[in-house]
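Q: Next come a sequence and a model predicted from it.
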Amino acid sequence: MVLAAERVIVPLDVSGEKDAIALISQLPDVQFWKVGLELFVSTGATILPTLKNRQKRIFLDLKFHDIPNTVAGACRAAGKYGVDLLTIHATCGRKALQAAKTALVEGAAEVGYPPPKLIAITLLTSLNSRDLAFDLKVPIELPEYALQMAVLAKESGLDGAVCSPQEAAQLRQVCGDEFLLVCPGVRPKWAETGDQSRTFTPSEAIKAGADYLVIGRPITAATNPQEAWAKIGDELATS
Ligand SMILES: O=C(O)c1cc(=O)[nH]c(=O)n1[C@@H]1O[C@H](COP(=O)(O)O)[C@@H](O)[C@H]1O
């Protein structure tokens, strides 16, 4: 049986600490929270100790994208927060990914934390094949591109990738069972797609091989977030 508390990460996509704490309190069964750009840029790292005090797991989603020296510095610092997952864009390239991973491990060791798992963004789930071909000018098919970014991450020593659930099965097959697959772009049948392009339902995403599902607005923007969380829990329990 798939338990939502073990497999679903909910993003704290709000701009203030008060709103973040209200969400955390409203959804006590959520064990894994994501702190992303909106909250981190608005309030800094202050939410992290709050989550740790409540024994929550933390996905720090800062999507680093820079030259090797800069991502290494950022990862060394992020390693000291004691979070569980951290993101970087695969398109930083091999040298930056390797430098990031090394610095993250060193930063965590300096303060005695286990290193967070470093996972690479393959291709944002908001983008579709047309965007990739016509705007980003990438001349290969989208699933193949996402796969190649995951392979680059794996070869660079990263722990996993962020991908659309539509690509999860292929990434799982090629990158193996130990490679962590974190999938946003998850939409229950009853939820709006919004700006996500490559979506699967929660049960489809799990079947495709996702380790974790990142599900935000279907829960957090629902009239009744607890009810939405429970519905997703029911879907996963029977999948
Ligand atoms: O890194 C991410 O978590 C991420 C990568 C990606 O390709 N697509 C994506 O949607 N996300 C994040 O996943 C969350 C999805 O939220 P909802 O679209 O509200 O479910 C957001 O916080 C995004 O920042």
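A: Received the coordinates, thanks. Residues are numbered from 1 along each chain as shown.
Q: hang on, residue 198 packs against residue 164?
A: Yes - assessed by Cβ atoms under 8 Å, residue 198 is found in contact with residue 164 at 3.6 Å. Using the backbone N, CA and C atoms, a C-beta is placed for each residue, glycine as well.
Q: higher neighbour count, the two?
A: Between residue 198 and residue 164, counted using other Cβ atoms under 10 Å, the more crowded position is residue 164 (29 against 23).
Q: okay, now residue 183: neighbour count?
A: So residue 183, with other Cβ under 10 Å, has 30 neighbours.
Q: My guess is it contacts residue 207. True?
A: No - under the criterion of Cβ under 8 Å, residue 183 is not in contact with residue 207, lying 11.5 Å apart.
Q: re the thing from before, which residues are common contacts for residue 198 and residue 164?
A: 125, 185 (Cβ atoms under 8 Å, 6 or more residues apart in numbering).
Q: Name all residues that make contact with the residue of the chain at minimum distance from the ligand.
A: Residue nearest to the ligand within the chain: residue 216 (2.6 Å; Cβ to the nearest ligand atom). By Cβ under 8 Å, 6+ apart, the contact list for residue 216 reads 10, 11, 13, 34, 184.
Q: does the first one have beta-bridge partners, and which?
A: In other words, residue 10. Per DSSP bridges, the residues bridged to residue 10 are residue 33.
Q: and the gap between it and residue 122?
A: 21 Å (Cβ to Cβ, to the nearest Å).
Q: and this structure, which residues reach the ligand?
A: Contact residues, the chain versus the ligand (Cβ under 6 Å from any ligand atom): 11, 13, 34, 36, 61, 63, 87, 121, 124-125, 162, 184-185, 194, 196, 214-217.
Q: if we can go back for a sec, got the contacts of residue 216 as a markdown table, with pLDDT and distance to residue 142 columns?
A: Output for those, formatted as a markdown table (pLDDT from 0 to 100; distance: Cβ to Cβ, whole Å):
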| residue | pLDDT | distance to residue 142 |
| --- | --- | --- |
| 10 | 98 | 27 |
| 11 | 98 | 24 |
| 13 | 98 | 25 |
| 34 | 98 | 24 |
| 184 | 98 | 16 |
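Q: quick one: which of those is nearest residue 233?
A: Distances from residue 233 to these, taken as Cβ to Cβ, are shortest for residue 10 (12.0 Å).
Q: Give the helix, strand or coil label for residue 158.
A: What DSSP: H, G, I helix; E, B strand; the rest coil gives for residue 158 is coil.
Q: same question, residue 188
A: For residue 188, the assignment made with three-state DSSP gives coil.
Q: count of residues packed around it?
A: 16.
Q: how far away is it from residue 75?
A: 34 Å.
Q: With residue 205 instead?
A: To residue 75, residue 205 is 28 Å away according to Cβ to Cβ.
Q: So which of the residues of the chain next to the ligand are in helices?
A: Under the assignment DSSP state H, the residues of the chain next to the ligand contribute residue 217 to helices.
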